[in-house]
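Novice: I'll drop the sequence and a predicted model, then ask my questions.
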Amino acid sequence: GRLPGGAVRSIKELGAWLNVYGEGIYGTRICGPYFTGAWAFTCKADTTYAFRLYKNEKEPVRQQTVIPYTGSAARIELVGTGGRLEFNRTDEGLLVELPQAAVTEQAPITHVFRLIANE
């Protein structure tokens, strides 16, 4: 059988997404705080992955975001960029400033943050 062109395109896009963000999926397990608002969490070893899920491409992408995570984090990185992000702990979680390149007109499917418990 043959797949419709739209299905083939979707599969290729999913493959490209997994090439960048798959580390937060493969070999992980769901972990607390699980699903919280627009956030989902997975973990492996001493790393937690926080997925900021956007409803659609029109949802605003803000320069600052609060990751609703109360666990330990010595370092936070934005997966796909390799850059270390500055962050502060607040009552709501971890306040992170996105790099300017990540603040786009069109929201991505998700931003994926790597929360590393120990340096």
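Specialist: In hand now; what should we look at? Numbers count the residues shown, from 1 in each chain.

Novice: only C-alpha atoms from now on, for both contacts and neighbour counts.
Specialist: Noted.

Novice: residues touching the residue nearest to I109 when sequence neighbours are not counted, list them.
Specialist: Once flanking residues are discounted, I109 sits nearest to Y54: 5.6 Å by CA to CA, 6 or more residues apart in numbering. The contact partners of Y54, taken as CA atoms under 8 Å, 6 or more residues apart in numbering, are A38, A107, P108, I109, T110.

Novice: ditto for E59
Specialist: Neighbouring residues of E59 by CA under 8 Å, 6+ apart: Q106, A107.

Novice: next one: it from F41, what distance?
Specialist: 20 Å (CA to CA, to the nearest Å).

Novice: how about G6?
Specialist: In this view, G6 and F41 are 30 Å apart by CA to CA.

Novice: which one of the two has more residues nearby?
Specialist: Using other CA atoms under 10 Å as the criterion, G6 and F41 rank with F41 on top: 24 against 9.

Novice: mind listing the helices for this structure?
Specialist: Along the chain, counting by DSSP state H, helices occupy 5-21.

Novice: could you pull out the strands for it?
Specialist: Applying DSSP state E to the chain gives strands spanning 29-36, 39-44, 47-53, 64-67, 75-78, 84-85, 87-89, 94-97, 110-116.

Novice: those strands: which one's closest to Y21?
Specialist: strand 110-116 (7.1 Å; CA to CA).

Novice: list the contacts for T48?
Specialist: T48 touches F41, T42, R114, L115, I116, A117, counting by CA under 8 Å, 6+ apart.

Novice: now the first one: how far from Q106?
Specialist: Meaning F41. According to CA to CA, F41 stands 23 Å off from Q106.

Novice: can you check the second one too?
Specialist: In this structure, T42 and Q106 are 25 Å apart, going by CA to CA.

Novice: compare these two (neighbour count), which wins?
Specialist: For T42 versus Q106, neighbours defined as other CA under 10 Å are more numerous around T42 (22 against 12).
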